[in-house]
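Chemist: next input, structure requested:
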Amino acid sequence: MGENICEEIRLVDNILQAEDFIRLRIQAGLVEIPVEHARKALQNGLMNVSALYNGELVGMGRQDDRNEIKVWDN
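Modeler: Residues are numbered from 1 along each chain as shown. Have a look, this model is predicted:
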């Protein structure tokens with residue numbers, strides 16, 4: 001079995017910045033969106049969660065008003 005890294009990843013609620021949102025989208029292979037669109041998406045999210053590994057943002061998850069859950073990581 002592989003090493004359990006879950007203890008090293010910390011989930012934090014609502015610290016995402018628009019620039020981080022865009023960066024993670026691009027790293028996940030999604031298209032770049034304007035900063036204003038990212039800000040609006042984060043404001044309209046029912047829940048935004050950041051995944052931190054050694055203090056570095058490595059992933060995020062968000063639930064939007066369509067009740068969709070999205071997850072991006074690098």
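
Chemist: contacts, neighbours, all on C-alpha from now
Modeler: Noted.

Chemist: assign the closest residue in space to residue 31 that isn't next to it in sequence to helix, strand or coil.
Modeler: Excluding its sequence neighbours, the residue lying closest to residue 31 (C-alpha to C-alpha, 6 or more residues apart in numbering) is residue 25, at 6.9 Å. Secondary structure state of residue 25, per DSSP: H, G, I helix; E, B strand; the rest coil, is helix.

Chemist: my guess is residue 25 contacts residue 35. True?
Modeler: No. Assessed by C-alpha atoms under 8 Å, residue 25 is found out of contact with residue 35, at 12.0 Å.

Chemist: so which residue is smack in the middle of this protein?
Modeler: Nearest to the geometric centre of the chain sits residue 60, at 2.0 Å (C-alpha atoms, centre = their mean).

Chemist: find the nearest non-adjacent residue to that one, please.
Modeler: Residue nearest to residue 60 in three dimensions, not counting chain neighbours: residue 50, with 4.3 Å by C-alpha to C-alpha, 6+ apart.

Chemist: got the contact list for that neighbour?
Modeler: 11-16, 57-61 (C-alpha atoms under 8 Å, 6 or more residues apart in numbering).

Chemist: narrow those to those in strands?
Modeler: The strands, defined by DSSP state E, take in 11-13, 57-61 from the contacts of residue 50.

Chemist: what's the mean pLDDT across stretch 10-17?
Modeler: Averaging pLDDT along stretch 10-17 gives 87.

Chemist: next one: stretch 48-64
Modeler: Here the average pLDDT along stretch 48-64 is 87.

Chemist: now it, how far from the chain's geometric center?
Modeler: Computed by C-alpha atoms, centre = their mean, to the nearest Å, the chain-centroid distance of stretch 48-64 equals 4 Å.

Chemist: so residue 32, which of the three states?
Modeler: Classification of residue 32 using three-state DSSP returns coil.

Chemist: quick check, it in contact with residue 24.
Modeler: No. The criterion here is C-alpha under 8 Å, and residue 32 misses it with residue 24 at 9.6 Å.

Chemist: more neighbours: the two, which one.
Modeler: Taking other C-alpha atoms under 10 Å, residue 32 and residue 24 do not tie; residue 24 has more neighbours (20 against 14).
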